[in-house]
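Engineer: Kindly generate the corresponding structure for this input.
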Amino acid sequence: MEATKHGVILEKTDRTFEELGVLNPAIYQDENTVHMFYRAAKRGNFSTIGYCRFE
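Structural biologist: The predicted model follows:
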C-alpha cells in the first residue's frame, strides 16, 4: 500500500487556546465521518484537547 501526503489539514485560527500550536493528532473514522482529537497549546505552555470533525 502506498501513502499519499496531503499536507496540512488544519488552518491557522484566532482561537487563543491553540495559539502556540496544534500537535499530536489522533484520528478515528466512523463510516464517512472522521473525528480528530489533538493537543492545543496556548501561551504559558497550557495545553487542552481540541476536537474537529470532517464529513
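Engineer: which SS state does the residue nearest to the spatial centre of the chain fall under?
Structural biologist: Nearest to the mean C-alpha position of the chain, by C-alpha atoms, centre = their mean, lies Tyr38 at 4.5 Å. Three-state call for Tyr38 (DSSP: H, G, I helix; E, B strand; the rest coil): strand.
Engineer: Is it in contact with Ser47, as I believe?
Structural biologist: No - contact criterion C-beta atoms under 8 Å: Tyr38 and Ser47 do not qualify, at 10.1 Å. Placement of C-beta: from N, CA and C, glycine included.
Engineer: Could you list the low-pLDDT ranges of this protein?
Structural biologist: 5-10 (pLDDT under 70).
Engineer: try 90
Structural biologist: The model of the chain has pLDDT under 90 over residues 1-25, 43, 45, 52, 54.
Engineer: Quick one: the strands in it, in order.
Structural biologist: 21-30, 33-42, 46-54 (DSSP state E).
Engineer: Burial-wise, tell me which of the ones you listed comes out on top.
Structural biologist: strand 33-42 (a mean of 16; mean count of other C-beta atoms under 10 Å).
Engineer: between that strand and strand 46-54, how many degrees?
Structural biologist: Inter-element angle recorded for strand 33-42 and strand 46-54: 160 degrees (by axes from the mean of the first three to the mean of the last three C-alpha atoms, to 10 degrees).
Engineer: got a list of contacts for strand 33-42?
Structural biologist: Residues from elsewhere that reach strand 33-42 (C-beta atoms under 8 Å, 6 or more residues apart in numbering): 9-10, 15-29, 47-55.
Engineer: centre of the chain versus that strand, how much separation?
Structural biologist: With C-alpha atoms, centre = their mean, to the nearest Å as the basis, strand 33-42 stands 4 Å off its chain's centre.
Engineer: Pairing partners for it, with directions?
Structural biologist: Applying DSSP bridges, strand 33-42 is found paired with strand 21-30 (antiparallel), strand 46-54 (antiparallel).
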